[in-house]
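**Student:** From the sequence below, what's the structure:
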Amino acid sequence: MIRAICFFILSIVFLASCKKNADINELDDIPTDTLQGVISTDITLKENANYLLKGQVVVQNNAVLTIAPGVSILVEKSDSAINKGSLIITQGAKIVVNGTEQHPVVFTSAAKDKQPGDWGAIVILGKAPINTKTLNVPGLGNDKKAICGGNNAEDNSGSIQYLRIEYGGGLNPKAEDEWAIDKASGLCLAAVGSSTILDHIMVSHSRDDAFQFLGGTVNAKNLIAYNNGDDDYDFDLGYNGRLQFIVSYRTAVSDWALRANGIESLNDADASSSTPYTRPIISNATIIGTQGVVKEPTNQNQGVYIRKNTRFAIQNSIIAEYPQGGLMVCNKTRPLLMEAHASSFKYNLVHCEDNKRAFTWDKNAQVISLDKVVPDPELTSFATNQENQNVLIATIADLKFSSIYPAQGAPILSLLQDSPAFAGANFTDADYSLFFEKVSFRGAAGQNNWLAGNWVNWE
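**Tutor:** Modelled structure (predicted):
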């Protein structure tokens, strides 16, 4: 008999159930405990146990959800977007994920035949600033559980360490309006504050974005996005935070959709002057595209796409293998980088299958296609000048990763000693004085391959 723990408003009720769930009864390890409804008091999920998450589970009333090492949470599959399973941490509540390298916490689909979009997202709603002042996060409905935003830049929503999130993104249709703010997907961080801890998190096989930063000031290290359907790192609505050691990796068989970029940043859907301006500060990213494979010529995929009046700073990073562009800007973000110096792009290594397209701009096109995205010689000259010191890389082999495209098994994105990325990092700009570990290498991994071990899954 399957035991279930069902959570209701202001109560925790233990029930026994004889009914097996159709989506999980073919699994070898059937979860014995069920997460459902509302959590209003502190609770800890026991170590090395399996749980079934059904529908939207909402943590509220300043409750703390603690998840012990080795916990697997299998989310019930639903074909209906309104019934997709998601975990929502409301304002004032906290999530504490205590995974370890050997015993990570895993959120994945409960279906035996797992597919991108089987479930929704992990959504954390904080009280840090957002340039809409407050926001009902798209995809969660219009009630109180979906609200984020406030004035506390140091807000604390808990800590997440050694977590994997697989086969989410189901709140978004596969072909969506690319000019709107996406619905919650992957790990959605909405107005999350800087006292929140995020490190060693992998999001894979999401139907939409992997990591979403909607406003907020949260910082993060050691993030991996693998074979997701839309942007791997999506910054919107006034996000101001710092990221270091982040990876975006797509294989040639990636199920990437319309304009799935390694990094995409925008101020808001209207390219307004609402403040705070979106401005991620990034160092030591490794952004690897689809091995030069173009599924559809009108489908624009960029390593980094900076648009709609956003600001940004990216340094000490590697961008490679996107077939149609390394860095793309628009008519508003181009002068912010090249003239106003509100943005910076320095000390990076950039590769593109057609190196004339390593730096491009979209000519403010409303419909992005190959003929609308043009190589930008002026931006190329600016990016590679003595001040910015970005370097164009002729072939992916020249970057000398340990094993970027293995015949089987996981990629090894650490560097050989003769790699041009093995040295050359620079942290002298004021943006990089705090938070960042001052390493000598560029890209996400030097010789220490932190992207391996029990906590990751490259399948």
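**Student:** What residues of stretch 351-361 count as buried?
**Tutor:** Going by neighbour count (16 or more other Cβ atoms under 10 Å), the buried part of stretch 351-361 is 351-353, 355, 357-361. C-beta: built from backbone N, CA, C; applies to glycine.
**Student:** give the contact list for I67.
**Tutor:** 44-45, 73, 95-99, 105 (Cβ atoms under 8 Å, 6 or more residues apart in numbering).
**Student:** Among those, which lie within strands?
**Tutor:** Counting by DSSP state E, the contacts of I67 place 44-45, 73, 95-98, 105 in strands.
**Student:** need the residues you listed in TSV with pLDDT and distance to A252, can you?
**Tutor:** Shown next, in TSV, are the ones in strands among the contacts of I67 (pLDDT from 0 to 100; distance: Cβ to Cβ, whole Å):
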residue	pLDDT	distance to A252
T44	98	42
L45	97	37
I73	97	31
I95	99	35
V96	99	38
V97	99	32
N98	98	36
V105	98	30
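**Student:** before we move on, back to that, tell me the least confident of the buried residues of stretch 351-361?
**Tutor:** Of all the buried residues of stretch 351-361, E353 carries the smallest pLDDT score, 80.
**Student:** Quick check, it in contact with E321.
**Tutor:** Yes. Counting by Cβ atoms under 8 Å, E353 touches E321, with 7.4 Å between them.
**Student:** hey, what's the nearest residue to A110 once chain neighbours are set aside bridged with?
**Tutor:** The spatial neighbour of A110 that comes closest, neighbours along the chain excluded (Cβ to Cβ, 6 or more residues apart in numbering), is L74 at 3.7 Å. Judged by DSSP bridges, the bridge partners of L74 are L52, T108.
**Student:** Any idea how many residues pack against L74?
**Tutor:** By the criterion of other Cβ atoms under 10 Å, L74 has 26 neighbours.
**Student:** just to revisit the earlier point, make JSON lines out of the buried residues of stretch 351-361 and add distance to S381.
**Tutor:** Output for the buried residues of stretch 351-361, formatted as JSON lines (distance: Cβ to Cβ, whole Å):
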{"residue": "H351", "distance to S381": "18"}
{"residue": "C352", "distance to S381": "16"}
{"residue": "E353", "distance to S381": "21"}
{"residue": "N355", "distance to S381": "14"}
{"residue": "R357", "distance to S381": "15"}
{"residue": "A358", "distance to S381": "12"}
{"residue": "F359", "distance to S381": "9"}
{"residue": "T360", "distance to S381": "14"}
{"residue": "W361", "distance to S381": "13"}
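**Student:** Nearest to N142 among the residues you listed?
**Tutor:** Using Cβ to Cβ, W361 is the member of these that lies nearest N142, at 36.9 Å.
**Student:** For that closest one, what are phi and psi?
**Tutor:** phi -140, psi 160 (degrees, to the nearest 10).
**Student:** now F382
**Tutor:** Per-residue torsions, F382: phi -60, psi -50 (degrees, to the nearest 10).
**Student:** Let me see the contact set for it.
**Tutor:** Residues near F382 by Cβ under 8 Å, 6+ apart: 337-338, 388.
**Student:** Highest neighbour count among these?
**Tutor:** L337 (22 neighbours).
**Student:** wait, isn't D182 in contact with A190?
**Tutor:** No. In this structure D182 lies outside contact range of A190 using Cβ under 8 Å: 11.6 Å.
**Student:** So which of those two has more stuff around it?
**Tutor:** It is A190, of D182 and A190, that has more neighbours when counted by other Cβ under 10 Å, with 32 against 24.
**Student:** Pairing partners for that one in the sheet, please.
**Tutor:** L125, L214.
**Student:** Per-residue pLDDT of it, please?
**Tutor:** 98.
**Student:** Pull the contacting residues for it.
**Tutor:** So A190 contacts 123-126, 130, 135, 137, 148-149, 184, 212, 214-216 (Cβ under 8 Å, 6+ apart).
**Student:** From the buried residues of stretch 351-361, pick the one nearest V64.
**Tutor:** If you rank those by distance to V64 using Cβ to Cβ, H351 comes first, at 44.5 Å.
**Student:** coming back round to it: inside strands: which ones of the contacts of F382?
**Tutor:** In strands, judged by DSSP E, none of these are found.
**Student:** And the nearest residue to N448 once chain neighbours are set aside, how close does it get to Q447?
**Tutor:** Take N448 and drop its neighbours on the chain: the residue closest to it by Cβ to Cβ, 6+ apart is S414, 6.7 Å away. The spacing between S414 and Q447, counted by Cβ to Cβ, to the nearest Å, is 5 Å.
**Student:** higher neighbour count, these two?
**Tutor:** The neighbour comparison of S414 against Q447 (other Cβ under 10 Å) goes to S414, with 21 against 12.
**Student:** OK, contacts around the more buried one?
**Tutor:** 401-402, 445-449, 451.
**Student:** And these, which two are furthest apart?
**Tutor:** Taking Cβ to Cβ, the two most distant members of the contacts of S414 are F401 and N448; they sit 13.7 Å apart.
**Student:** neighbour-wise, which of the two wins?
**Tutor:** Taking other Cβ under 10 Å, F401 and N448 do not tie; F401 has more neighbours (22 against 12).
**Student:** Wait, that one touches I412, no?
**Tutor:** Yes. Taking Cβ under 8 Å as the definition, F401 is a contact partner of I412 at 6.8 Å.
**Student:** Just put the contacts of F382 in CSV and tack on pLDDT and distance to N61.
**Tutor:** Formatted as CSV, the contacts of F382 follow (pLDDT from 0 to 100; distance: Cβ to Cβ, whole Å):
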residue, pLDDT, distance to N61
L337, 96, 45
M338, 95, 49
N388, 98, 49
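**Student:** from these, which is closest to L243?
**Tutor:** Set against L243, the nearest of those by Cβ to Cβ is L337 (18.6 Å).
**Student:** roughly how far apart are the nearest residue to the closest one once chain neighbours are set aside and R311?
**Tutor:** What sits nearest to L337 in space, not counting adjacent residues and going by Cβ to Cβ, 6+ apart, is S343, at 4.4 Å. To R311, S343 is 5 Å away according to Cβ to Cβ.
**Student:** Any chance you could list residues touching both of the two?
**Tutor:** 279, 333, 336.
**Student:** Unless I'm misreading it, the second one sits right up against A340, doesn't it?
**Tutor:** No. Here T333 does not reach A340: they are 10.2 Å apart, not a contact under Cβ under 8 Å.
**Student:** of the two, who's got more company?
**Tutor:** Neighbour totals were compared for T333 and A340, and T333 leads with 26 against 9 (other Cβ under 10 Å).
**Student:** and the more buried one, what does it touch?
**Tutor:** Taking Cβ under 8 Å, 6+ apart, we find T333 in contact with 306-312, 343.
**Student:** Pick out the most distant pair among the residues you listed.
**Tutor:** K308 and S343 (13.1 Å).
**Student:** quick one: which of the ones in strands among the contacts of I67 is nearest N142?
**Tutor:** Nearest to N142 among the ones in strands among the contacts of I67 is I95, at 23.0 Å by Cβ to Cβ.
**Student:** I'd like the distance between the closest one and A423.
**Tutor:** From I95 to A423 the distance is 38 Å (Cβ to Cβ).
**Student:** Then L451?
**Tutor:** 20 Å.
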